Each structure stands twice: as C-alpha cells, then as structure tokens.
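**Student:** A structural model of the following input is requested.
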Amino acid sequence: MLCCLAEVFSRQRRKVKILYGLADVILIAAAFEAAYQTRLHLELTNIFFIVPPVKALLLGAAMLGWPLVGAWLNVYDHLDAARPRAIFRDAFKQCAFGTVGIVLIEYTLRLDLSRPFLALLAAYGFVALCLFRLGSRRLFGWMRRGLGAPYYILLVGTGPRARRMAEQVEASSDFGARLVGFLAAEPDAPGDEIRLEKAYPVHPLAALPELLARQIIDEVIFAVDSRRLGEMEDTLLMCDEEGVRSHVAADFFPHVYSRVFLEKFQTTPLLTFSATPQDEVALMIKRVTDVVVAATSLVVLAPLMLLTAVLIRATSPGPAIFRQLRCGLSGRRFTLYKFRSMCQDAEARKASLQHLNPKQTVFKIPNDPRLTPIGRYLRKFSVDEWPQLWNVLKGDMSLVGPRPPVPEEVEQYRRWQRRRLRMRPGLTCLWALEGRDSLDFETWMRKDMEYIDNWSLPLDLSILLRTIPRVLSGKGAH
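**Tutor:** Next up is the predicted model:
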C-alpha cells in the first residue's frame with residue numbers, strides 16, 4: 001500500500017533521491033582525492049603526478065559519472081529500504097561502471113594514468129558509498145520528516161475505496177501526509193466519524209467551501225465510484241478555483257499490468273494506461289544501442305558470415321539465407337533472415353513431422369531430421385541467427401526482446417499472450433538464458449511478460465552479457 005501512495009506523493013522521495021545523488025558527488029570527490037594522495041605517497045617504480053587541468057577534468061568526470069551511473073542503475077530508488085547485500089551489490093556495480101568510464105576517458109585522451117590509482121579510486125569509492133548508505137536509514141527518516149512541512153489531505157468518499165486510500169495516507173505519514181477527514185459523497189455515508197488508526201470526522205459534501213476557508217487543506221483526493229465522478233464536477237472546479245491540488249483515484253479501471261499517466265492530445269487531457277515500457281528517452285537509448293552494436297557486429301562478422309554462406313552452399317542444395325515471415329512490434333509483419341540450417345524442402349515436410357512436436361503452439365522438434373549436417377552446429381551455437389543483425393539495423397528487431405513468432409503461432413495466442421507483441425522482438429530474451437528450446441511454451445510466455453514488466457536498460461545489458469556464455473556453451477538449442 002505504501003508504494004501505491006508513494007507514486008502519488010513522491011515529492012519528498014524525489015528530494016531524498018537528489019540528496020543521495022549529491023552525497024555521492026561529495027563522497028566520490030573525497031575518494032578521488034584520497035586515492036590521489038595515497039598513490040602520491042606510495043613508493044612505486046613509476047613517478048605519479050597528474051597536471052592540474054587533467055586532474056580537474058578527471059575529478060569532474062568522476063563527480064558527474066558516479067551519480068549518473070547510480071541513476072541509470074536505479075540505485076537511488078530503494079536505498080532507504082535496501083538490505084546490506086543489495087547496498088554492497090549496487091555500490092560495486094556503480095564503482096565498476098564509474099571506473100570503466102574513467103578508463104575510457106584515459107584512452108580517448110591518451111592519458112597514462114596509474115593503475116594503482118584507478119584501483120584505489122574504485123576501492124575508496126566502494127567503501128565510502130557502502131559506509132554512508134548503511135548508516136543512512138536514520139538520515140533518510142530525518143530527511144523525510146524534515147524536508148517539508150506536513151501536508152494535509154481531505155478524502156472525498158466514505159466507501160471501501162476511500163477507506164483503502166485513507167489507510168495508505170496513514171501509512172505514508174513519514175512522507176508528511178496527514179489525513180484531516182472525509183467528505184461524504186455517498187447518500188448512505190456513515191455517521192460523524194470513521195475510525196482507522198485514528199478517528200476522522202466525516203463532513204457533508206456541501207461543507208467543502210467552509211473547510212477550505214477555515215483550515216489548512218493542501219490536497220483533495222476523490223476516491224468515489226466512477227459513476228459518481230460526473231456529479232463531482234462542481235467540487236473539482238471549486239478545488240481548481242481555490243488552487244487546491246486534487247487527485248482522482250483511478251483504481252476502478254480493471255487494468256492489472258498498466259502504468260497510468262496523464263497526457264494531452266492538442267487541448268484534450270487523456271488518462272493513459274500502458275502495459276508496456278513508455279520511457280521514451282530509455283527506449284531511444286535502446287534503439288541507438290541496437291543500431292551501433294548491430295552495425296559494428298555486421299562489419300566484424302562479415303568474413304565469418306561469408307565463410308558460413310559458402311559452407312552452406314557447398315554442403316547442401318539451396319540458398320544460404322533462409323527468409324521467413326514473422327510478426328514484429330504490435331503485429332507488424334517483416335521478413336526475418338537466417339542462415340539456412342535445414343534442407344531446402346523443410347517447410348513442405350513440416351506437416352508430416354507434426355506428430356514429433358512436443359510443444360504447444362510453436363513447432364520445435366528435438367533433433368529435427370530436416371537439419372543439415374552443418375545446420376546442427378549453426379543451430380547449436382546460434383550462428384544461424386547472425387543475419388538477424390540486419391533486421392536489428394533495419395528496425396524490425398532489437399538486440400533484446402521477445403523472440404519474433406510466425407503468424408500461425410500468433411493466431412493461436414490467448415489474449416494475455418498477445419501482449420508480448422507490444423515490445424519490439426529481439427535476438428535474445430530472458431527465457432533463452434534458462435533453457436532456450438528445452439523450455440515449454442508457457443514458460444516462454446511467462447518469461448517474456450516478466451521481461452516486459454521489469455524492462456530497463458540495465459536488464460537488457462545483463463541479458464546480453466549472460467547470453468554470450470550461454471550461446472558459446474551450445475546448451476538448450478535444438
């Protein structure tokens with residue numbers, strides 16, 4: 001319940017996140033100077049010294065880079081409730097990525113930094129972040145209470161929805177929320193008060209102008225049945241004229257997975273529900289990464305891809321590249337490219353082999369008799385997927401995402417399974433790390449939904465890095 005209200009009343013949390021980021025700036029600056037002074041006094045073979053302009057550049061990069069990495073990894077979102085193990089893990093990742101950034105600057109500017117200095121910077125930074133974050137829970141509580149005066153909330157409604165919201169307000173008292181009472185919007189409202197952790201007065205709806213005039217009310221939450229919202233127009237207008245922030249509880253919509261946010265189309269406000277990622281900046285970074293990695297990989301792998309094509313043509317009749325119609329983002333159809341790993345008439349033989357298929361919906365046969373001798377190895381180590389880098393470059397696919405299905409499979413999807421089409425399909429996915437073709441279809445679907453619901457750039461990076469050893473081992477591929 002607390003996290004539900006924290007989405008609405010997030011101002012104090014944003015302040016805390018900013019302060020944690022500023023603390024990281026100070027801590028990394030101190031760690032940088034400590035590492036520099038330590039290295040100066042170490043009697044090693046090479047003399048260590050950084051000229052002031054370069055030192056200022058590196059210090060500025062560290063002070064900027066560490067908080068940016070922390071924000072990218074979503075470290076500041078849960079520091080107040082993080083367990084020691086999570087704190088150590090996040091601090092290690094943050095210092096590792098931050099140090100890699102300093103190394104990249106070193107190579108770009110052709111500097112010659114001391115390796116012990118870089119190691120000391122990472123170590124001191126890790127220790128400083130861990131010590132501060134382990135001891136920051138009391139500080140976090142003080143900041144939540146002290147960064148802003150309490151703000152007072154009036155609830156419109158007395159039914160179950162309003163009571164649930166009232167309990168969430170009570171649970172959010174550390175964020176400064178204070179419930180002042182209820183306005184009775186229902187005709188069968190209870191008596192003079194509602195008892196939760198405390199007793200709160202129940203006022204008639206007509207008493208709102210008097211309440212706004214004689215006591216402090218910062219926010220009004222409308223937690224009424226959706227059918228009564230039309231009757232609340234004058235009350236909403238009154239709050240707007242008084243300058244009182246108002247909210248409408250939207251939990252009467254039957255969306256389970258969706259995130260809710262407000263948009264505008266021209267002059268019309270739209271309450272938007274989205275069951276897929278909508279962070280346009282992060283999605284743009286994902287697309288730029290796809291283009292850069294796909295283009296680079298195609299150039300690097302070109303000689304090996306040419307050799308693979310020659311071997312396919314030399315060992316079996318038919319073209320080197322297999323083309324197949326697949327379903328992409330929102331069901332858009334595109335031509336997928338693969339190195340041919342089966343005999344030329346594989347599609348024609350599919351119906352006669354249906355009895356060997358152990359899976360539902362998809363067609364996957366262990367030890368498929370249609371595979372060519374070289375095709376077995378192409379499948380085992382996913383070399384047959386390399387031409388799909390061209391699909392990634394074109395925008396049909398992404399490096400990471402649910403695997404693109406054929407139209408015949410999509411026609412058999414249940415309603416909830418179609419949501420996987422709302423994410424751009426990928427070369428690799430979450431279920432590819434946990435068994436690849438050996439998993440059943442239902443597990444594929446659940447893992448794809450898990451990926452969509454928890455998507456982030458760090459998750460994509462994690463999947464990519466974990467895919468490499470999985471593919472090199474050849475495990476789980478049919």
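
**Student:** mean confidence for the helix of greatest length in the chain?
**Tutor:** Taking DSSP state H as the criterion, the chain has its longest helix at helix 280-315. Averaged over helix 280-315, pLDDT sits at 91.

**Student:** sort out which residues of the very next helix or strand once past it are buried, please.
**Tutor:** Proceeding N to C from helix 280-315, the next assigned helix or strand is strand 321-327, under DSSP states H and E. Within strand 321-327, the residues that count as buried by 16 or more other CB atoms under 10 Å are 322, 326-327. (C-beta placed from N, C-alpha, C; glycine too.)

**Student:** one more: stretch 172-186?
**Tutor:** Buried residues in stretch 172-186 (16+ other CB under 10 Å): 172, 175-177, 179-185.

**Student:** one more: stretch 212-227?
**Tutor:** Applying 16+ other CB under 10 Å to stretch 212-227 flags 212, 217-224 as buried.

**Student:** what average pLDDT does it get?
**Tutor:** Rounded mean pLDDT across stretch 212-227 is 85.

**Student:** cool, and stretch 65-78?
**Tutor:** Average pLDDT, stretch 65-78: 84.

**Student:** mind listing residues that contact that stretch?
**Tutor:** Stretch 65-78 is touched from outside by 16-17, 20-22, 24-25, 28, 86, 90, 93-95, 97-98, 101-102, 125, 456-458, with contacts defined as CB atoms under 8 Å, 6 or more residues apart in numbering.

**Student:** residue 315 and residue 335: what is the separation?
**Tutor:** 24 Å (CB to CB, to the nearest Å).

**Student:** try residue 246
**Tutor:** Distance from residue 246 to residue 335, by CB to CB: 51 Å.

**Student:** among those two, which residue is more densely surrounded?
**Tutor:** residue 246 (18 against 11; other CB atoms under 10 Å).

**Student:** who's in contact with that one?
**Tutor:** 219-222, 236, 239-240.

**Student:** residue 377: which of these is nearest?
**Tutor:** Among the contacts of residue 246, residue 221 lies closest to residue 377 (CB to CB), at 62.2 Å.

**Student:** quick one: secondary structure of residue 269?
**Tutor:** At residue 269 the chain is in strand, as set by DSSP: H, G, I helix; E, B strand; the rest coil.

**Student:** and for it, the neighbour number?
**Tutor:** Residue 269 is flanked by 9 other residues according to other CB under 10 Å.

**Student:** what sits closest to it if chain neighbours are left out?
**Tutor:** Among residues not flanking residue 269 along the chain, residue 262 sits closest, at 6.2 Å (CB to CB, 6 or more residues apart in numbering).

**Student:** I'd guess residue 179 is in a helix, am I close?
**Tutor:** No - using three-state DSSP, the assignment for residue 179 is strand, not a helix.

**Student:** surely it meets residue 153?
**Tutor:** Yes - at 5.5 Å, residue 179 counts as touching residue 153 under the criterion of CB atoms under 8 Å.

**Student:** straight-line length of stretch 376-385, end to end?
**Tutor:** End-to-end distance for stretch 376-385: 13 Å, by CA to CA, to the nearest Å.

**Student:** before we move on, what SS does the nearest residue to residue 323 once chain neighbours are set aside have?
**Tutor:** Nearest residue to residue 323, sequence neighbours excluded (CB to CB, 6+ apart): residue 335, at 5.2 Å. What three-state DSSP gives for residue 335 is strand.

**Student:** what's opposite residue 335 in the beta bridge?
**Tutor:** residue 325 (DSSP bridges).

**Student:** do you know how far it is from residue 446?
**Tutor:** Counting by CB to CB, the gap from residue 335 to residue 446 is 29 Å.

**Student:** skipping adjacent residues, who's closest to residue 212 in space?
**Tutor:** residue 242 (5.4 Å).
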